[in-house]
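Visitor: What follows is a predicted protein model with its sequence.
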Amino acid sequence: MSTPRVCVVGSGGREHALCLALARSSDVVAAPGNPGIEGHVPHGGRITTTAASPEEVEADLYVVGPEGPLVDGLADRLRARGRRVVGPGSDGARLEGSKAFMKEVLIAARVPTARYGAFTRIDDARAFLRELPGPWVVKTDGLASGKGVTVATTLAEADADVAAKLSGAFGDAGRRVVVEEGLSGPECSLLVLCDGRNVVPLPPARDFKRVDDGDVGPNTGGMGSYAPLPGLADADVDDLVERAVAPLVHELRRRGIDYRGVLYAGLMLTPDGARVLEFNVRFGDPEAQVVLPLLSEDPLDVFFAVADGRLARVVPGGRIAGPRGAAVCVVMAAEGYPGPLRTGDVIRGLGSDGQLTDRVAGVSVLHAGTRRVREDGPFLTSGGRVLGVTATAADLAEARRRAYAGVERITWPGAQWRSDVARLDAEQCARTDAACLSISWEVAS
Ligand code: AMP
Ligand code: GLY
């Protein structure tokens, strides 16, 4: 059989990670990709980029990275032409496109989640806020790149946030808000592959959402990640899938939605059991950067199985081999992120392939917001999250050390990153052993 051709849709660090994972056995074309993706082709594979729309690209499989095109029906249009796609149609993507819809489906499926109300009027939202004990969470209903969520510790702050969102600060995405009870506990990003009926979990990951060390400052798209989570054994992951994901897939089927793609459960492991904060309809970014390199097998066959509804046959035990060691990703962002940005700075420390000039074992630099003026020119910053410095190693402490060794070799004016990605779990693992338990929690609700 000739080498399969896979089209990866999107241009960020997640798509860079997808291209690398798939280039082991495929010809990969990223649409549109970014200059760091094109320059970086290990394993002797082939990765190209194209400015053409994904619908104009001929490929055997399409893997859609971001939520926007899924919500807009890209997967439907590709499937209508007989193409094989990893990514839900617009019916399934509505889970992420509307938080109010997602909450409604979660409640119908009896998936444990925070108490909530959805409102278009400021007064109604404020009245509901007063029924909750606090802290209070206010979310835009529609897509806001991970920046539409506010966790307020005072009613005054929550009131002000409701007013700001409903008065148009987020455009259409904010015409309706979801107000929720604030929960607390460690978070977990559980990504599963779904073929419409069966689900296969990937190694559980943690994302660092707040911009500053110690989990303070505004929410971002994600400032770093690591996987697997030392506190979650395979049996715990199976339990979470059973309680949080399988009922959702069942409810989607009941509504006639044949969901083929990635389901990403954002979970909070509260003292009262795990709660779903949200479902996303795609790989997490930067979770993909740490989950994909841990798979000991090439994901291509499994992705084809997702697209074809054949997961039960291709992954009979319901679990992909791995995880292999641990991975840590530290996101380097432009000055100002997640607010108004400074961009256009020359990034020092990268060679013409976009990787470290002074290599560190196990480290890949995954590009997100970079551009090049000339093909052989330097990489410039062009977005909020600029790079994800990702390391794999036999254990978490070493993966973390490698990732930060990589970060130290890269500079540009105003670059910012968190210095505490994976710190607590890595310290704990170094003190005990690989089987250390860092989180105490139970799944029962
Ligand atoms: P979401 O986009 O809904 O995942 O929210 C982004 C982040 O906001 C989550 O990862 C949490 O850190 C925080 N968050 C969302 N919902 C809640 C909640 N009900 N209680 C506490 N924190 C929350
Ligand atoms: N890292 C969070 C997200 O991808 O939504």
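Guide: Good, I have the coordinates. Ligands and ions are numbered 1, 2, ... in the order given.
Visitor: Name the residue of this structure that lies nearest to ligand 2.
Guide: Per C-beta to the nearest ligand atom, residue 222 is where the chain lies closest to ligand 2, at 3.2 Å. The C-beta positions use only the backbone N, C-alpha and C, and glycine is treated the same way.
Visitor: Which pLDDT value goes with that residue?
Guide: What the model reports for residue 222 is a pLDDT of 95.
Visitor: cool, and residue 4?
Guide: The per-residue pLDDT reported for residue 4 equals 96.
Visitor: again with the one 5 residues further on
Guide: Reading off the per-residue confidence, residue 9 sits at a pLDDT of 98.
Visitor: which residues does it contact?
Guide: 15, 30-31, 54, 62-66, 69, 74, 87 (C-beta atoms under 8 Å, 6 or more residues apart in numbering).
Visitor: Let's see that with 6 Å instead.
Guide: 31, 54, 64-65 (C-beta atoms under 6 Å, 6 or more residues apart in numbering).
Visitor: which stretches of the stretch 51-200 of the chain form strands?
Guide: 61-64, 85-86, 116-119, 136-140, 149-152, 177-181, 187-195, 199-201 (DSSP state E, counting those that start in this stretch).
Visitor: Just put these in CSV and tack on mean neighbour count, mean pLDDT and distance to residue 262.
Guide: As requested, the strands of the stretch 51-200 of the chain are exported to CSV (neighbours: other C-beta atoms under 10 Å; pLDDT from 0 to 100; distance: least, C-beta to C-beta, whole Å):
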stretch, mean neighbour count, mean pLDDT, distance to residue 262
strand 61-64, 26, 98, 9
strand 85-86, 28, 98, 7
strand 116-119, 20, 93, 24
strand 136-140, 25, 94, 21
strand 149-152, 20, 91, 21
strand 177-181, 24, 94, 22
strand 187-195, 24, 96, 6
strand 199-201, 21, 95, 10
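Visitor: returning to that earlier point: out of the contacts of residue 9, which touch ligand 1?
Guide: Contacts with ligand 1 are made by none of the contacts of residue 9, judged by C-beta under 6 Å from any ligand atom.
Visitor: which of those lies closest to ligand 1?
Guide: Taking the contacts of residue 9 together and measuring to ligand 1 by C-beta to the nearest ligand atom, the closest member is residue 65, at 17.2 Å.
Visitor: For the nearest residue to the closest one once chain neighbours are set aside, name its beta-bridge partners.
Guide: Ranked by C-beta to C-beta, 6 or more residues apart in numbering and with sequence neighbours excluded, the top spatial neighbour of residue 65 is residue 10, at 2.9 Å. With DSSP bridges applied, residue 10 shows beta-bridge pairing to residue 32.
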